[in-house]
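> Could you work out the structure for the sequence below:
(one chain, ligands or ions: 1)
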Amino acid sequence: MKRACLLAASLALAATFPRAAAPTITIDASTPAGKVSPLLYGLMTEEINHAYDGGLYAELIRNRAFLDAGAAPAHWSAVHGDGAAAAIALDPGQPLNAAIPTSVRLDVTQAAAGHRAGIANEGYWGIPVRPKTRYRASFFAKAAPGFTGPITAAIESEDGTTTFATGRVSGVTQAWKQYDVTLTTAGLAPTAKARFVLTVDRPATIWFSLVSLFPPTYRNQANGFRPDVLQMLIDMRPKFLRFPGGNYLEGDQIADRFEWKKTLGPLSERPGHMAPWGYRSTDGLGLHEFLLWAEDMNAEPLLGVYAGYSLKGAFVKPGPDLEPYVQDALDEIEYVIGPASSKWGSARAKAGHPAPFKLTYVEVGNEDFFDRSGSYDQRFVQFNTAIKARYPQLQVISTVGFEHPENQRVRSVRPEVVDEHYYRTVESFLKARGQYDKYDRKGPRIFVGEWGAYETPFEPWNPRSRGEAPTPNMRAAIGDAAWMTEMERNADLIIMHCYAPLLVNVNPGARQWRPNLIGYDALRVYGSPSYHAIKLFATHVGDELLKASATDTDVQVSVTRDSRSRMLYVKLVNPGAAAAPVQIDVSGAALRPTATALTLAADPQATNSIDAPEQVVPVTSQVTGVKSGFTYTVPAHGIVVLMLGMQ
Ligand code: AHR
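Have a look, this model is predicted:
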């Protein structure tokens, strides 16, 4: 009875008062409010969460150089079935060379045809086996007198009962030599429950080093990338790639920094190094591969150079002590953009890339606000002076932005660009609207070099966050999208930005951080809702910034335009639980009557995962009746890119 009365009363009210007009979004299309930086959307990367080893870098053998070891070589085991006996042990007494100062020794004391013995590698959480696929295996080997082969290389089931692909080499001698063998699978059901083995069928003592197995790579590049993971990145159409970190640039200690010179050349000359995220990097994805990766994406490198500070607090005093590091950075830049006739340009040419790469920005260090010694100001000056003297065309980025107190920032010179990092809760990003309005337009340009919204109670670096899903849910995507509208509204100032971290291997134990943008295991890859949100934004930008304002609504908006196609990109983010109608007023342009809406909307808890990769994906729809003052309803928990054509 009470309910019926209330309903009657509200119907009466609706009849008496006209419905309130929808909140208005006003867009001024008469003149652009600024230029959108051509590099606005990009990617940030480092070796974290097995981003490269066990990720983008296609190598399938884990601990290929036997340098991860306690008493026994990690991820390797001896193979010896019925009627065979064998043992394996590290043998630093038989190094491959100075860069790889160890090997594994296989002692087969009993073996015969049908009773093999050897070594097995478990891969990075399995070995991906696909049908009708060619794998390239290689290894260094030498044997004690009396054994010349053959050695069988095979990809097989974890228990060794099913062989997926096999090949043989012979002519093994008592000196180190590299052997190559191609393994081709037949038609089969894909699986990652597989291992790689090297076996013999007679007693022998053999040493192995640098054992490698590559599946087909992107464009079949040698030492290349996983095509499926790289394609996800290419699809985002990034304009730059920030590398090599992040903390990975700095290392825990100075000796653990990213020493780019040690990441060049044949894999047998790359020792790898201990990375700050708790595991060793092979450096198979080294400086040259970073540059090729950027080129594969049609993106330009944004090079981070080591600046004399490492994570555990050690720093190099500015002045003469820092000079070798400055020189190292100059050499590195020469590798990237020097002519093929220069010392480091010729090393690049020798590696197969005579033409210089593109480079506009160099970042000096990473998060140097952690350096409590106060040395960054002078360290930056020293790098900046040297880089600008030799390469006046380059823009140099300071790692301390305006989100840090003035006394931590660079004060002795005015950096051209400063890098700001924001790992924030969804709520904090929703409240960030207007943050950049306060920035001095005459000051440095802003690079938001790392950002990401987290939706769980745990900060991304908190180990407890590892109990949560590796990638974020729709709620986080809403926070990310709201933050992107703030950065896009200020695209005259914020010349570049990139989410971090980019990649995560979703297997237990593989991750050090959450949330992350793209997840994968050995066989599969998927994008989080945030991935789809960023891709929507990044692939619909244009070159002009338009002034837009929203009144009386929580819907957040940014508007850009492509001056050539005369398309307006109106980005709308509705964090609310109810659909939000908005009236869109456009002045200074007549609109075409039909538009396209790209929509990502879902329950805030909805997410994608390795087993359910497409729960939250964008949908495309047509919008009719478009004209200035039309009403568009942004779905609840929705992110929309409205593409409005100008007549
Ligand atoms: O993105 C993860 C880490 O966060 C980066 O390595 C570091 O720069 C930041 O603190």
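
> Note down every partner strand of the helix or strand where Leu210 lies and its orientation.
Using DSSP states H and E, Leu210 sits in strand 204-214. Take DSSP bridges as the rule and strand 204-214 pairs in its sheet with strand 104-110 (antiparallel), strand 134-143 (antiparallel).

> State which one residue of the stretch 401-550 of the chain is found closest to the ligand.
Of all residues in the stretch 401-550 of the chain, the one sitting closest to the ligand is Ala500 (4.0 Å; Cβ to the nearest ligand atom). For glycine as for every other residue, the C-beta is placed from the backbone atoms N, C-alpha and C.

> can I assume that residue is in contact with Gly246?
Yes - with contact defined as Cβ atoms under 8 Å, Ala500 counts as touching Gly246 (7.1 Å).

> Now the common contact residues for these two.
Common contacts of Ala500 and Gly246 (Cβ atoms under 8 Å, 6 or more residues apart in numbering): Met44, Glu46, Glu450.

> of the residues you listed, list those near the ligand.
Under the cut-off given by Cβ under 6 Å from any ligand atom, the ligand has Glu46, Glu450 from the shared contacts of Ala500 and Gly246 close to it.

> Show only the entries of the shared contacts of Ala500 and Gly246 found in strands.
Among the shared contacts of Ala500 and Gly246, DSSP state E puts Met44, Glu450 in strands.

> For the shared contacts of Ala500 and Gly246, give me TSV that also has neighbour count.
Below are the shared contacts of Ala500 and Gly246 laid out as TSV (neighbours: other Cβ atoms under 10 Å):
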residue	neighbour count
Met44	27
Glu46	27
Glu450	22
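
> Turn the shared contacts of Ala500 and Gly246 into TSV, columns for pLDDT.
What follows is the shared contacts of Ala500 and Gly246, written out as TSV (pLDDT from 0 to 100):
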residue	pLDDT
Met44	98
Glu46	98
Glu450	98
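
> With distance to Ile333 added, can I get the shared contacts of Ala500 and Gly246 in CSV?
Formatted as CSV, those follow (distance: Cβ to Cβ, whole Å):
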residue, distance to Ile333
Met44, 20
Glu46, 19
Glu450, 22
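
> so Phe447 sits in a strand?
Yes - Phe447: assigned to a strand according to DSSP: H, G, I helix; E, B strand; the rest coil.

> Next, the contact list for it, please.
The neighbours of Phe447, taking Cβ under 8 Å, 6+ apart as the test, are Tyr361, Glu363, Ile397, Val417, Val418, Asp419, Glu420, Ile494, Ile495, Met496, His497.

> tell me which parts of the stretch 451-600 of the chain are close to the ligand?
Ala500, Pro501, Trp513.

> go again using 8 Å as the cut-off
Gly452, Pro460, Trp461, Ala500, Pro501, Trp513 (Cβ under 8 Å from any ligand atom).

> Spatially nearest residue to the fourth one, not counting backbone neighbours?
So the one you mean is Ala500. Glu450 (3.9 Å; Cβ to Cβ, 6 or more residues apart in numbering).

> Tell me the bridge partners for the one you found.
His421.

> just checking, it touches Met44?
Yes - counting by Cβ under 8 Å, Glu450 does reach Met44; the two are 5.8 Å apart.

> what is in contact with those two at once?
Common neighbours of Glu450 and Met44 (Cβ under 8 Å, 6+ apart) are Gly246, Cys498, Tyr499, Ala500.

> Report the two of the residues you listed separated the most.
Using Cβ to Cβ, these reach their maximum pairwise distance at Gly246 and Tyr499, which is 12.5 Å.

> Which residue of these two possesses the greater neighbour count?
The neighbour comparison of Gly246 against Tyr499 (other Cβ atoms under 10 Å) goes to Tyr499, with 28 against 25.

> Locate that one within the secondary structure: which element?
Following DSSP H and E, there is no helix or strand that holds Tyr499.

> when you give positions from now on, start the count at 359
Yep, numbering from 359; the last one is Tyr857 now.

> how near is it to Leu875?
5 Å (Cβ to Cβ, to the nearest Å).

> still on that earlier bit, residues contacting the residue of the stretch 759-908 of the chain closest to the ligand?
Met402, Glu404, Gly604, Gly807, Glu808, Trp809, Gly810.

> Quick check: the farthest pair among these?
Glu404 and Trp809, at 14.7 Å, using Cβ to Cβ across those.

> What residues of stretch 694-710 count as buried?
Judged by neighbour count (16 or more other Cβ atoms under 10 Å), stretch 694-710 contains these buried residues: Val694, Ile695, Gly696, Ser700, Trp702, Gly703, Ser704, Ala705, Arg706, Ala707, Ala709.

> Can you get me the start-to-end distance on it?
13 Å (Cα to Cα, to the nearest Å).

> With stretch 859-871 instead?
Start-to-end span of stretch 859-871 (Cα to Cα) is 8 Å.

> Quick one: name the residues of the stretch 459-608 of the chain near the ligand.
Gly603, Gly604, Asn605, Tyr606.

> of all those, which comes closest to Asp440?
Tyr606 (45.8 Å).

> what sits against that closest one?
Contact analysis of Tyr606 by Cβ under 8 Å, 6+ apart lists Glu404, Glu405, Ile406, Phe616, Ala633, Pro634, Trp635, Ser639.

> now, which of these lie within strands?
Ser639.

> Could you check how far Pro939 is from Gly983?
Counting by Cβ to Cβ - Pro939 and Gly983 are separated by 13 Å.

> measure the most centrally placed residue in the chain to Phe601 for me?
Centroid-nearest residue in the chain, with Cα atoms, centre = their mean: Leu860, separated by 3.3 Å. Applying Cβ to Cβ, the value for Leu860 to Phe601 is 10 Å.

> Identify the contacts common to these two.
Met402, Thr403.

> Tell me where the model's unsure across the stretch 359-508 of the chain.
359-378 (pLDDT under 70).

> In it, what residue lies closest to the ligand?
The stretch 359-508 of the chain approaches the ligand most closely through Glu404 (5.5 Å), counting by Cβ to the nearest ligand atom.

> Just the element for Ala652, please.
Per DSSP H and E: helix 645-654 holds Ala652.

> Ser888 too?
Counting by DSSP H and E, Ser888 is part of helix 887-896.

> Which other helices and strands does that helix contact?
helix 832-847, strand 953-959, strand 996-1003 (3 or more Cβ pairs under 8 Å, 6 or more residues apart in numbering; DSSP states H and E).

> any idea of the mean pLDDT in it?
For helix 887-896, mean pLDDT rounds to 98.

> quick one: strands adjacent to the helix or strand following that helix?
As assigned by DSSP H and E, the chain's next helix or strand after helix 887-896 is strand 902-908. Using DSSP bridges, strand 902-908 pairs in its sheet with strand 382-386 (antiparallel), strand 392-393 (antiparallel), strand 914-920 (antiparallel).

> would you put the C-alpha positions of strand 902-908 in CSV?
What follows is strand 902-908, C-alpha atoms only, in CSV (Å, rounded to 0.1, in the frame of the first residue of the first chain):
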residue,chain,number,x,y,z
GLU,A,902,44.6,18.7,-32.1
LEU,A,903,43.4,19.3,-28.6
LEU,A,904,39.9,20.8,-28.2
LYS,A,905,38.6,22.7,-25.2
ALA,A,906,35.8,20.7,-23.5
SER,A,907,34.1,21.0,-20.2
ALA,A,908,31.5,19.0,-18.4
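
> Good, wrapping up.
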